[in-house]
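1. Make a model of this:
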Amino acid sequence: MALFSGLVFIAALICMLVFLILIVLDFIKKQSPKKHSIYLLISFGVLIVSMLLGASTTKDHKTTTKEVTVTKKVNTTKSDNDNVAKFKSFMDTDPSASEFLKEYYGIKPVSDQSVIWDKLLANKEVSWTGTVIEPMSTRIAVITEDKYDGNNWATIANSDSDAVSYSMFLRNVPNAKEFKAGDKIKFTGKLASRGSNLNGYKSQWDLDSVSVQKQ
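-> Okay, here's the model as predicted:
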């Protein structure tokens with residue numbers, strides 16, 4: 001419809017120019033311009049109608065696009081809310097570190113993991129148990145007990161295995177050197193950054209304000 005009204009607009013504009021020239025020639029030849037004046041008025045009327053049709057088509061298109069966009073936004077928000085509510089209920093069960101990570105990495109779509117992190121998990125205090133991978137100067141690399149296989153952090157970090165995603169750095173631990181690889185510990189801290197378990201991209205979690213004790 002928009003294309004048709006555009007073609008009519010151009011044709012009417014050309015006709016107007018032609019009849020204007022003919023009217024001028026009529027005056028030069030001292031002939032009556034009445035006939036050409038009528039055609040000029042008809043062309044002008046067609047021009048106005050084509051402009052109105054074009055404006056109406058554009059308005060309808062914009063309205064349709066806006067409605068589609070609003071519907072998509074509502075559906076996405078509902079999906080986010082469902083996953084957030086479900087994970088909030090799960091956290092109320094006080095899951096272990098291993099249970100927590102399995103549930104978190106199972107969230108679909110994966111983009112909702114970011115939503116849940118922002119709304120529920122960032123800076124959240126947790127109390128979990130794990131096994132020391134390796135003590136460092138002021139931090140301890142820890143892994144869930146079911147994933148510990150005796151490897152140090154360098155080996156795990158370069159493996160791109162699930163062990164990376166089930167590992168945590170307990171940061172700013174003043175007595176980190178008191179622990180050794182294989183120690184089973186209980187720790188409490190605030191989630192500072194989230195890990196990832198995507199194909200080709202796996203990373204550990206970070207916790208701050210940590211207190212650590214051997215089990």
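2. ok, which stretches of the chain are helices?
-> Applying DSSP state H to the chain gives helices spanning 2-28, 34-91, 97-105, 111-116, 153-157, 162-165.
3. Any idea which of the ones you listed has the lowest pLDDT on average?
-> Sorting these by mean pLDDT places helix 34-91 lowest, at a mean of 65.
4. middle-most residue in the chain, spatially?
-> With distances taken as CA atoms, centre = their mean, the residue of the chain nearest its centroid is residue 111 (6.6 Å).
5. how much space is there between it and residue 118?
-> 12 Å (CB to CB, to the nearest Å). All C-beta atoms are positioned from the backbone trio N, CA, C, and that covers glycine.
6. do the same with residue 182
-> 35 Å.
7. contacting residues around the residue nearest to residue 186 when sequence neighbours are not counted?
-> Leaving out its chain neighbours, the residue that sits closest to residue 186 by CB to CB, 6 or more residues apart in numbering is residue 129, at 5.0 Å. Counting by CB atoms under 8 Å, 6 or more residues apart in numbering, residue 129 touches 96-97, 145, 184-187, 215.
8. Any quick PyMOL command for the buried ones out of those residues?
-> Buried subset of these, written as a PyMOL selection, criterion 16 or more other CB atoms under 10 Å:
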select buried, resi 97+145+185+187
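9. Now render the contacts of residue 129 as JSON lines, adding distance to residue 123.
-> Formatted as JSON lines, the contacts of residue 129 follow (distance: CB to CB, whole Å):
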{"residue": "96", "distance to residue 123": "20"}
{"residue": "97", "distance to residue 123": "17"}
{"residue": "145", "distance to residue 123": "25"}
{"residue": "184", "distance to residue 123": "26"}
{"residue": "185", "distance to residue 123": "22"}
{"residue": "186", "distance to residue 123": "20"}
{"residue": "187", "distance to residue 123": "16"}
{"residue": "215", "distance to residue 123": "26"}
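10. Any idea how many residues pack against residue 83?
-> 19 (other CB atoms under 10 Å).
11. Now it: closest residue in space that isn't a chain neighbour?
-> In space, residue 83 is closest to residue 112, 4.5 Å off (CB to CB, 6+ apart).
12. Surely residue 180 is in contact with residue 133?
-> No - contact criterion CB atoms under 8 Å: residue 180 and residue 133 do not qualify, at 10.5 Å.
13. And those two? Which one has more around it.
-> Legend: neighbour count by other CB under 10 Å for residue 180 and residue 133, higher for residue 133 (29 against 10).
14. wait, isn't that one in contact with residue 153?
-> Yes - at 5.2 Å, residue 133 and residue 153 qualify as touching, with contact defined as CB under 8 Å.
15. Relative to residue 21, how far out is the residue of the chain most remote from its centre?
-> Of all residues in the chain, residue 30 has its C-alpha farthest from the mean position, at 72.9 Å, by CA atoms, centre = their mean. Residue 30 sits 16 Å away from residue 21, going by CB to CB.
16. Likewise for residue 101?
-> From residue 101 to residue 21 the distance is 81 Å (CB to CB).
17. neighbour-wise, which of these two wins?
-> The neighbour comparison of residue 101 against residue 21 (other CB under 10 Å) goes to residue 101, with 22 against 11.
18. hang on, the more buried one packs against residue 164?
-> No - between residue 101 and residue 164 there is no contact under CB under 8 Å: 11.4 Å.
19. Which residues are in contact with each of the two?
-> Going by CB under 8 Å, 6+ apart, residues that sit against residue 101 and also against residue 164 are residue 195.
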